[in-house]
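Enquirer: what's the 3D shape of this:
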Amino acid sequence: MSPLDSILSIPRSYKRLISIVIDTFFITMAFWGAFWTRLGTVEEFTDAVYWQVLALLVVSTLILFTRVGLYRAILRYLSVHALLSITISSAVSAVLLVLSAYFSYAFIPRSVPIIYGTYLVILCGGARLLVRILVSQHNTRKKPRALIYGAGSSGRQLVNLLRQGDEYHPVAFVDDDKKLQKTVVQGLAIYKPQCLKQLLSKTGAKTILLAMPSASRSQRKAIINSLVELPVEVLSIPNLADIVNGSASIDQLRDVPIEDLLGRDSVEPQPDLLAANIKDKVVMVTGAGGSIGSELCRQIVQQKPKSLVLFELSEFGLYKIDKELSDFVKTEGLQTEIIPLLGSVQRLNRLAIVMQSFKVQTLYHAAAYKHVPLVEYNVVEGVRNNVFGTYYTAMAAIESGVESFVLISTDKAVRPTNIMGATKRLAELALQSLAAENNGTRFCMVRFGNVLGSSGSVIPLFKKQIAEGGPVTVTHPEIIRYFMTIPEAAQLVIQAGAMGKGGDVFVLDMGEPVKIVDLAKNLIQLSGLEVKSEDNPHGDIEIKFSGLRPGEKLFEELLIGDNVNRTAHERIMTANETFLPYSDFKEVLGNLDKACHSFDHDTIRHILLNTPTGFAPTDGIGDLVWHANEKVLRDETKKIIH
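Expert: Down below sits the predicted model:
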């Protein structure tokens with residue numbers, strides 16, 4: 001431990017006592033120094049009366065310093081306010097000197113109090129400032145150096161916070177604004193982005209902190225793309241909305257949000273569409289504890305429904321979203337009743353009694369099995385939950401007089417190559433056929449791609465693999481996907497549902513598709529690491545290609561045909577696609593029910609292939625129980641033969 005560390009570790013009460021002793025010495029020095037400066041000697045002023053004046057001055061000035069909080073201030077965080085307090089206190093102390101001399105009949109030249117006050121500011125303020133500088137320099141040596149990209153108000157606030165903390169030592173600003181370049185703000189020079197390479201080499205910085213919370217995603221993406229090839233870690237401060245509403249503070253540095261890598265600017269929701277099917281109504285969400293369902297609930301409760309019914313199979317998932325929403329309702333003083341209900345969408349009677357009891361008016365059906373490989377391994381349960389669960393929920397909605405029914409669908413329902421996609425397309429067909437019957441309930445479905453941060457999302461997996469030192473696993477070098485944030489997807493689902501007339505298939509504009517391997521490379525490089533490859537064998541993290549999983553496609557589509565129309569919302573389109581008459585769909589459903597009951601996978605596959613789902617499987621039957629059963633049958637056959 002260094003001598004300075006030893007001093008800093010002294011208990012605060014002892015530090016205050018030391019400060020008082022040193023200030024007593026400074027007051028004495030300032031007092032006699034003022035006489036010496038004015039007259040060149042102090043011998044004429046050594047009578048007892050002057051010592052009495054000094055004693056009164058010391059006591060009164062120390063009391064004054066205590067009253068203004070000078071001994072409560074932490075020197076390493078000494079501010080301009082503290083220096084101003086010292087200046088004012090010194091001026092008051094000089095006045096006290098005049099008063100003490102007047103009442104003690106002590107002769108003091110008129111310039112002495114002014115000189116005394118000046119010396120006191122220099123000694124008490126200067127000493128504290130010196131300590132602050134020494135401590136700051138001592139701490140700076142321990143902190144990793146960082147550049148701040150963005151010299152606006154957020155960047156300046158970040159500098160202040162970093163200087164007080166132990167995380168990073170800011171060494172320079174970088175900013176695109178030509179007016180700011182070649183100027184100095186808070187002691188830091190501002191450079192243009194083109195100087196970044198030389199600046200990193202010159203300063204030894206290993207981290208770049210993005211301080212641009214109000215910039216659009218497309219602007220942030222352009223900046224991030226320029227930083228990807230640099231050998232630095234890139235961190236970001238929260239966006240402006242989170243800082244303003246208090247959910248985050250400016251010093252909460254984090255990895256670059258993945259939505260910034262996509263560069264897709266969200267569109268402001270249309271308030272009328274958000275509120276149309278929700279405000280003052282009874283709303284129900286199935287799968288309310290899932291990633292999409294829970295975000296739907298968060299968006300719905302902000303539109304002030306009369307009641308919100310949370311229908312969820314997972315007890316823990318239901319507990320979490322119920323507690324979160326109940327706390328929100330209480331904090332915001334809303335009148336919305338939160339109704340947490342356990343249940344399965346495969347139980348028609350449970351669904352019907354729930355909807356009838358609470359007089360549900362709007363229903364969002366988010367309950368589904370969505371993980372492609374897992375549904376491939378559990379075919380019957382996937383069909384039961386995704387197809388029959390949707391059909392039973394729709395039938396219960398018709399029976400209960402629900403006004404609006406919105407199905408959360410997926411891009412994997414378009415020309416599906418896997419069971420999950422085929423079951424979601426069959427669920428769409430169920431609603432389309434029911435909508436054609438004019439049952440009184442308005443059915444529509446909303447189809448979109450991958451959402452960031454949902455259960456099973458690739459992004460958390462990549463980050464975990466990078467943190468563990470790799471390798472990062474990507475299924476195929478050419479695989480691409482559409483991405484959207486969960487809040488934006490939920491908002492668009494609600495708005496699309498409000499535009500439905502009956503049987504509509506809405507498609508969300510997902511922007512440009514993203515190559516997954518490029519996403520993995522960017523995440524590695526923005527962590528300050530290098531991709532290990534044949535061209536760079538000494539890199540940090542290797543990317544391994546594991547091969548396409550069962551039923552996985554290289555790319556996803558959102559439309560089956562080209563028959564698409566715009567809507568009142570720029571990010572929502574509507575597609576006109578073929579469907580089955582209800583009588584034909586009922587027959588398909590009956591056959592599928594029998595096949596599931598008898599565990600007849602060949603028939604299940606035959607039905608999915610012959611129904612207009614566009615199912616074109618890339619793999620054979622993947623159900624794990626079916627494979628295990630087939631093995632048992634083969635072993636028994638061999639025993640009989642032998």
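Enquirer: Could you break this structure into its assigned domains?
Expert: With automatic domain parsing as the criterion, the domains of the chain are listed as 3-140, 143-262, 271-450+485-510+558-610.
Enquirer: Can you tell me which of those domains is packed in deepest?
Expert: domain 271-450+485-510+558-610 (a mean of 20; mean count of other C-beta atoms under 10 Å). Any C-beta I mention is one placed from the backbone N, CA and C, and that applies to glycine too.
Enquirer: Could you check how far that domain is from the centre of its chain?
Expert: A distance of 26 Å separates the centroid of the chain from that of domain 271-450+485-510+558-610, by C-alpha atoms, centre = their mean, to the nearest Å.
Enquirer: Distance across that domain, terminal residue to terminal residue?
Expert: 43 Å (C-alpha to C-alpha, to the nearest Å).
Enquirer: quick check: mean pLDDT across that domain?
Expert: Across domain 271-450+485-510+558-610, pLDDT averages out at 90.
Enquirer: What of stretch 615-633?
Expert: 87.
Enquirer: how about it: buried residues?
Expert: Neighbour-count burial for stretch 615-633, counted by 16 or more other C-beta atoms under 10 Å, picks out Phe615, Pro617, Ile621, Gly622, Asp623, Trp626.
Enquirer: now the end-to-end length of it.
Expert: Distance between the two ends of stretch 615-633: 29 Å, counting by C-alpha to C-alpha.
Enquirer: And for stretch 308-319?
Expert: 14 Å.
Enquirer: Name the residues that touch that stretch?
Expert: 282-290, 293-294, 297, 300-301, 321-322, 325, 336-345, 351, 354, 358, 360, 367 (C-beta atoms under 8 Å, 6 or more residues apart in numbering).
Enquirer: In strands only, show me the residues you listed.
Expert: Taking DSSP state E as the definition of strands, those contribute Val282, Val283, Met284, Val285, Thr286, Glu337, Ile338, Ile339, Pro340, Leu341, Leu342.
Enquirer: elements contacting whichever strand or helix holds Lys221?
Expert: Applying DSSP states H and E as the criterion places Lys221 in helix 217-227. For helix 217-227, the packing partners by 3 or more C-beta pairs under 8 Å, 6 or more residues apart in numbering; DSSP states H and E come out as strand 207-210, strand 233-236, helix 258-262, helix 516-526.
Enquirer: Would you mind pulling up the elements that the last one packs against?
Expert: It stands for helix 516-526. helix 217-227, helix 258-262, helix 458-467, strand 472-474, strand 531-532, strand 541-545.
Enquirer: Where among the ones you listed is average confidence lowest?
Expert: Of all the helices and strands packed on helix 516-526, helix 258-262 has the smallest average pLDDT, which comes to a mean of 65.
Enquirer: just to revisit the earlier point, just the angle between the helix holding Lys221 and helix 516-526, please?
Expert: If you take axes from the mean of the first three to the mean of the last three C-alpha atoms, to 10 degrees, helix 217-227 sits at 70 degrees to helix 516-526.
Enquirer: Now do the strands in the stretch 451-600 of the chain.
Expert: Taking DSSP state E, counting those that start in this stretch, the strands of the stretch 451-600 of the chain run over residues 472-474, 480-481, 483-485, 504-508, 514-515, 531-532, 541-545, 564-566, 572-575.
Enquirer: Give me the contacts around the second one.
Expert: Read it as strand 480-481. Gly449, Asn450, Val458, Pro513, Val514, Lys515, Ile516, Leu554, Phe555, Glu556.
Enquirer: And for the first one?
Expert: Contacts with strand 472-474, where a contact means C-beta under 8 Å, 6+ apart, come from 461-462, 465-466, 516-517, 520, 523-524, 541-546.
Enquirer: again, but for stretch 429-442
Expert: With C-beta under 8 Å, 6+ apart as the criterion, stretch 429-442 contacts 387, 390-391, 394-395, 397-398, 401-405, 407, 443-445, 500-503, 505, 577, 579-582, 584-585, 589, 611-613.
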